[in-house]
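> predicted model and sequence below, questions to follow.
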Amino acid sequence: MHIPDGYLSPQTNVVLGAASALAVAVAAAKTARTVKAKYIPLLSIGAAFAFTIQMFNIPVPDGTTAHAVGGTLLTILLGPWAAMISIAVALTLQALFFGDGGILALGANIFNMGVILPFVSYAVYRLVAGGSAVQSKQRLAAAAIAGYIGITAAAGMAGVEFGLQPLLFHTANGTPLYSPYGLNVAVPAMLFAHLTIAGPVEALVTAMVIAYLQRSNYALLAGESNVRTSGSVRWRRVVVTFAILVALTPLGLLAKGTAWGEWSGEEIQAVTGFIPAGMQRFSGFWRHTLLPDYAIAGHDQMFWQQTLGYLISALAGLALIAIATFIIQRIMRKGGDRDGSAPLAPRK
Amino acid sequence: MDLPLWLQENNPGFQKPKLNPELDPGKSGIAKFRPRRKRGFIQKTLEEIVRVLRDSFFSEELAMRPGFLQSLDPRVKILALVVLLLSNNLISHLGVLWGSYLVLLALAAWSGVGLGPLLKRVWLVVPLFSGIMVLPAIFNWVRPGDPLFTIFTADQPWHVGFLHFPAVLAVTKQGVNGAVLLVSRVGISVTLAFIVTLTTRWTDLLKALRSFFVPRIFVTTLEMTYRYIFVLITILEEMFLARKARDAGRSSTSEQRRFIASAMASLFARSLHMSEEVYAAMTARGYSGEVYTMHRFRLRLPDLFFALFVLLTSLTFYVADKVLR
C-alpha cells in the first residue's frame, strides 16, 4: 500500500502531508506526556520493530507468502498514539532509503497507514474487546477484526486519494495527469484486494501474535508495562478533527485544481455514463477550436515564453560564473584538496 | 558491486555463492547448489534481510567515495531533491520530463554512480508494478477517450448486470499518454530518491532534516530507529537462520505461521526490553529527556551554485512545459 511518487498530484500530497504532520504532532505531545523521558528510546525501537515486522514473509495456504503491515499489532501493543509515531518514522525511513513509497507521497502514506489504520484499529479493538479479560477469546477476536478492518480502511482511504486524481487533474483533452482511475474504479479495486488477501493476512498475523502473548507473556498485553498510551484518546475530539479534515480535503484540492470548464465536462461524462465515440470526436473538435479561453491561452503563452527566455539566460549566467570561479580556484591553490570531502573520510 | 566477503559468506540469502576452489578446497565438492523445490518463507525472509543490509552497505560505500554529488552539503541535496520531485510531478510534457532525466543521469554518472545497476533497479521494477496498474486505463471501456486504434467492434453495446460497455473496444490516446506519463513519473521520482540516498551518508541525510523544520525529537527518533533497525534485523536473521538449521522435512503451513507469530512476539518482547536497557544506558550517560546535537555542516560555494542551478533548472523545465504544451 506504499504509494510511490507520481500517483498523486503534488497538491494532494501537500494537503495530506499537512494533515499527517498535524496528527503526528498531536501524537508526539500525547506520548511525551505519558512516557516522559523514555519517549525517544521507546519510540525508536518501536519504529524499528514496525520496520522489521514488514520483512516477515508469512506463509499463506496456496504455498506463496505475503507481507503484513503490522499496524494493528503495534496499536494494540503500544497504544494508538505511540503506534502512530512508530509507523510514521518507519515509513519515513522506508521512503528515504529503500524506495518503498514516494517522498512527496510520504504525507499520504503516513495518513493512510499511520493515522487512519491505528485509529480505526484501535476503535474496533476497544469496541469488540469491551471489558473482557486479557486472556479471553474475545480479545483475540477483537484483535483479528481490528486488523481486518484497520487495513481495509487504510486501503479504502488510499483508493479515495487515487480516485480524486483523474477528477481534479487532467489535461484539456482528458489525459489523466496522475493516477487514471476514478472513484468508481479505484475504491472498489483497493477494497477488493484488501478484503480478500491483505485483510485476512493482517487479521491472522495480529491474532496469532496476540494469542502467543496471551499464552506466554500476557504482562505485555495487560498494559502493566508503562509504555502504553491508551486511555487518553478523546473520541469526540478525534471525530471532530477528522470531520473537519474530510471537509477540508476536497476544498484544498479544488483550490489549486484545474479550471472549472474542464472538469464540468468530466462531470457530465460521469453522470451520463459513456459518451458515444462519434460525440466524443465532436466534443474534441469543440475543445480544440471553439473554446473561448483560447485567446487567454495565447496571452499565457507570451508570458511563459518570455519567462523561459529569462530563465535560460540566468542559467547561462550561472554556468559562466561557476566556470570562472572554478578556474580561479584551481589557479589559486594547485594540488590542494579539491573535492572538499570530509578530511576524516577514508580514501580509496 | 563488491560486497565484503563476510557478508557474502555469512548470508544464505545469496543463493549461488561463487565458491572458489582455491580458497576453500573442502567446500568445492558441494559447490553445486541444488535448486530447492520452492523458496520457502524462511529463505525469502533471509533474502530480504540481505537485501536491506546490501542496500545500506552499498550506498554507504558509494557515499564515502569522492565525487561531485557526494561532496555537496546534505541540506542542499534534500532541498534539490524536493524541488526536483515537485517540478517532475508538475511537468506533463514527456519530452521535457525525459530531458530533465538525462541531465540528472549525467550528474549521477559524473559522481561515480553506476548507471547500469541504478537503471536496472528502477526500470525493471517500476514498469512491472505501475505499468500493470495503469494498463486497463488505456482502454476506452475503463476510461473513455479518443480512440488510437480499435481492437474490435461489436454490433451493439454490452450490458452485464449494472455494467455497460460501449460497442467499440479501443485503445485511447488519452489513456496511453496518461499511462506513459505515470510510469515515467514514478520511475524518475524513484531514480531521484535513489541518487540522493546513494551519494549521501544516511546519518548525514537524517541530520540535515533538522534544517527543514522537522522537529528535533522526530529526527532523533529517526536516527535511533535507523541504528536499531540493524540490531533488530540481526536478531531476526539469527532467528530465521536457527530455524533454517533445524528445518528438516516438510512442516505444515499452520506450523510455519505459528513460528512467525512466536518470532514476532518474541521480537517485540526483546525490543521492549532493549528499549528499557537503552534508556537506562542513556540515563547513565546524562540523558534527561533533552537532546543536544552537534551541527557540523557548512555551506560552501559549490553548494550555493548547485542550489541555484537546481532551482533555475527546475523552474526552466516547468516553464518549458507550459510553453510546449
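The structure has been received and is ready for your questions.

> going forward, measure contacts between C-alpha atoms and count neighbours the same way
Noted.

> could you break chain A into its assigned domains?
Following automatic domain parsing, chain A resolves into domains at A:10-258, A:292-335.

> now the chain, which segments are flagged as low pLDDT?
If you meant another chain, say so; for now it's chain A. A:35-37, A:61-65, A:222-301, A:333-348 (pLDDT under 70).

> you looked at the wrong chain, it should be chain B
Low-confidence segments of chain B, defined by pLDDT under 70: B:1-39, B:154, B:158, B:160-164, B:167, B:289, B:291, B:293-296, B:325.

> surely B:Leu84 and B:Leu312 touch.
No. Taking contacts as C-alpha atoms under 8 Å, B:Leu84 lies outside contact range of B:Leu312: 10.5 Å.

> neighbour-wise, which of these two wins?
B:Leu84 (23 against 17; other C-alpha atoms under 10 Å in any protein chain shown).

> B:His159 should be in a strand, yeah?
Yes. Assigned with DSSP: H, G, I helix; E, B strand; the rest coil, B:His159 falls within a strand.

> for the closest residue to it other than its chain neighbours, list each beta-bridge partner.
Distances taken as C-alpha to C-alpha, 6 or more residues apart in numbering or on different chains place B:Phe165 nearest to B:His159, at 6.3 Å, with adjacent residues excluded. B:Phe165 has these beta-bridge partners by DSSP bridges: B:Trp158.

> packing partners of whichever strand or helix holds B:Phe149?
Remark: B:Phe149 resides in strand B:147-153, with elements defined by DSSP states H and E. For strand B:147-153, the packing partners by 3 or more C-alpha pairs under 8 Å, 6 or more residues apart in numbering or on different chains; DSSP states H and E come out as strand B:168-172.

> residues contacting the strand it packs on, please?
B:138-141, B:144-154, B:157 (C-alpha atoms under 8 Å, 6 or more residues apart in numbering or on different chains).

> can you give me the buried ones in that strand?
B:168-172 (16 or more other C-alpha atoms under 10 Å in any protein chain shown).

> for the chain, which segments count as helices?
You didn't say which chain, so I picked chain A. A:10-35, A:39-53, A:71-78, A:80-97, A:106-109, A:117-129, A:137-168, A:183-193, A:199-216, A:219-222, A:235-255, A:260-272, A:277-285, A:294-332 (DSSP state H).

> ah, I was thinking of chain B
Going by DSSP H, chain B shows helices at B:5-10, B:41-64, B:68-71, B:74-90, B:94-110, B:115-123, B:126, B:132-134, B:173-199, B:202-208, B:216-246, B:253-284, B:301-324.

> does chain A sit close to the second one?
Yes. Counting by C-alpha under 8 Å from any C-alpha of the partner chain, chain A is contacted by helix B:41-64 at B:41-42, B:44-45, B:48-49, B:52, B:55-56, B:64.

> possible to save those as TSV with distance to B:Ser254 and neighbour count?
TSV is the format used below for these (distance: C-alpha to C-alpha, whole Å; neighbours: other C-alpha atoms under 10 Å in any protein chain shown):
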residue	distance to B:Ser254	neighbour count
B:Phe41	12	22
B:Ile42	14	23
B:Lys44	17	17
B:Thr45	17	22
B:Glu48	22	17
B:Ile49	23	21
B:Val52	27	17
B:Asp55	32	14
B:Ser56	34	19
B:Met64	46	20
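
> output those as JSON lines; include the columns distance to B:Glu223.
Shown next, in JSON lines, are the residues of helix B:41-64 next to chain A (distance: C-alpha to C-alpha, whole Å):
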{"residue": "B:Phe41", "distance to B:Glu223": "30"}
{"residue": "B:Ile42", "distance to B:Glu223": "29"}
{"residue": "B:Lys44", "distance to B:Glu223": "27"}
{"residue": "B:Thr45", "distance to B:Glu223": "24"}
{"residue": "B:Glu48", "distance to B:Glu223": "22"}
{"residue": "B:Ile49", "distance to B:Glu223": "20"}
{"residue": "B:Val52", "distance to B:Glu223": "17"}
{"residue": "B:Asp55", "distance to B:Glu223": "17"}
{"residue": "B:Ser56", "distance to B:Glu223": "14"}
{"residue": "B:Met64", "distance to B:Glu223": "19"}
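
> can you list the residues of the stretch 101-250 of chain A near chain B?
Contact residues, the stretch 101-250 of chain A versus chain B (C-alpha under 8 Å from any C-alpha): A:102-104, A:173-181, A:205, A:208-210, A:212-213, A:220.

> buried members of these into ChimeraX, please.
The ChimeraX selection below is limited to those of these classed as buried (16+ other C-alpha under 10 Å):
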select /A:102,103,104,174,175,176,177,178,179,180,181,205,208,209,210,212,213,220
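
> re the thing from before, which of the buried residues of strand B:168-172 lies closest to chain A?
The nearest member of these to chain A, counting by C-alpha to the nearest C-alpha, is B:Val168 at 8.2 Å.

> the closest one and A:Gly99, how far apart?
40 Å (C-alpha to C-alpha, to the nearest Å).

> check contacts around B:Ser59.
Contacts of B:Ser59 were listed using C-alpha under 8 Å, 6+ apart, and they are B:197-201.

> if we can go back for a sec, out of the helices of chain A, flag the one nearest B:Val190.
Nearest to B:Val190, of all those, is helix A:80-97, at 9.6 Å by C-alpha to C-alpha.

> circling back to that earlier point, so which of the helices of chain A comes closest to B:Val183?
The minimum distance between B:Val183 and the helices of chain A falls on helix A:137-168, with 15.0 Å, by C-alpha to C-alpha.

> what angle sits between that closest one and helix A:71-78?
With axes from the mean of the first three to the mean of the last three C-alpha atoms, to 10 degrees applied, the angle from helix A:137-168 to helix A:71-78 works out at 130 degrees.

> how deep is the closest residue in space to B:Thr221 that isn't next to it in sequence tucked in, by neighbour count?
Among residues not flanking B:Thr221 along the chain, A:Ser44 sits closest, at 5.1 Å (C-alpha to C-alpha, 6+ apart). Close neighbours of A:Ser44, defined as other C-alpha under 10 Å, add up to 28.

> what's the answer for A:Ile328, then?
Residues near A:Ile328, counting by other C-alpha under 10 Å: 11.

> state the distance from it to B:Pro302.
Computed as C-alpha to C-alpha, the A:Ile328 to B:Pro302 distance reads 13 Å.

> residue contacts, the residue of the stretch 201-348 of chain A found nearest chain B?
Sorted by distance to chain B under C-alpha to the nearest C-alpha, the residues of the stretch 201-348 of chain A start with A:Val209, at 4.7 Å. Shown in contact with A:Val209 (C-alpha under 8 Å, 6+ apart): A:73, B:261-262, B:264-265.

> hmm, 6 Å instead?
B:261, B:265 (C-alpha atoms under 6 Å, 6 or more residues apart in numbering or on different chains).

> and it, how far is that from B:Ser266?
Distance from A:Val209 to B:Ser266, by C-alpha to C-alpha: 9 Å.

> kindly report the same for A:Ala186.
Here the criterion is C-alpha to C-alpha. By it, A:Ala186 lies 38 Å from B:Ser266.

> then B:Thr283?
On the measure of C-alpha to C-alpha, B:Thr283 and B:Ser266 end up 26 Å apart.

> give me the more crowded residue out of those two.
Neighbours were counted for B:Thr283 and for B:Ser266 using other C-alpha under 10 Å; B:Ser266 has more, 17 against 14.
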